[in-house]
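> coordinates for the following, if possible.
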Amino acid sequence: MSFSRTVHSETSILKMNSALQLSCLLVVFGCLLGTGYGQTDAEFTAKARQMIAIFGNPSVDQYTKGRNLPALVDFYQRYSNRLQLTPQERANANNIVRRYRTQQSQQVDGVSSQGGFWFLIPLFAPAIAEIVKAIAQAIL
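Got it, this is the predicted structure:
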């Protein structure tokens, strides 16, 4: 029985160590990215459920919906790419966000305007309903 001994040169050992270190680094990096994405999904789901509870519930009064409109606008702007909307629905939603942001940026005597947009919720109800429907579809 003969045993053959493999002789490794210094460069082959160095290459193997570098490859092993790079592999470990990639695994750690992948785990970190996966964990961050999971937290984003949990955050998205929690905020989506909150938006559905407020804007998808007909028993919630207009004042409460108006108070939470900034949260819905922020949610839409942050997660709009995750919502499945038709081009027309997306255009309607973008129009509402643009009009809301324009109204919020107006100043009276150098001071930001207070309120004033919540009474328009009934006018925008169809578009808000489309957004809430898309939110519900995204978390199911």
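
> am I right that residue 76 is in a strand?
No. Per DSSP: H, G, I helix; E, B strand; the rest coil, residue 76 lies outside any strand segment and is helix.

> quick one: it from residue 59, how far?
23 Å (CB to CB, to the nearest Å). C-beta here means a position set from N, CA and C on the backbone, and glycine is covered the same way.

> more neighbours, these two?
Taking other CB atoms under 10 Å, residue 76 and residue 59 do not tie; residue 76 has more neighbours (22 against 5).

> OK, contacts around the more buried one?
Going by CB atoms under 8 Å, 6 or more residues apart in numbering, residue 76 touches 83, 93, 97, 131.

> tabulate those residues (CSV), appending distance to residue 125.
Shown next, in CSV, are the contacts of residue 76 (distance: CB to CB, whole Å):
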residue, distance to residue 125
83, 18
93, 13
97, 15
131, 11
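
> top of those residues by number of neighbours, please.
Counting by other CB under 10 Å, top hit in those: residue 131 with 26 neighbours.

> which residues touch it?
Applying CB under 8 Å, 6+ apart, the residues near residue 131 are 55, 72, 76, 83, 85, 89, 93.

> cool, and residue 44?
Contacts of residue 44 (CB under 8 Å, 6+ apart): 79, 82, 138, 139.

> list buried residues within these.
residue 79 (16 or more other CB atoms under 10 Å).

> what is the lowest-pLDDT residue among the contacts of residue 44?
Minimum pLDDT across the contacts of residue 44 is recorded for residue 139, with 81.

> ok, that residue touching residue 47?
No. Counting by CB atoms under 8 Å, residue 139 does not reach residue 47; the two are 9.8 Å apart.
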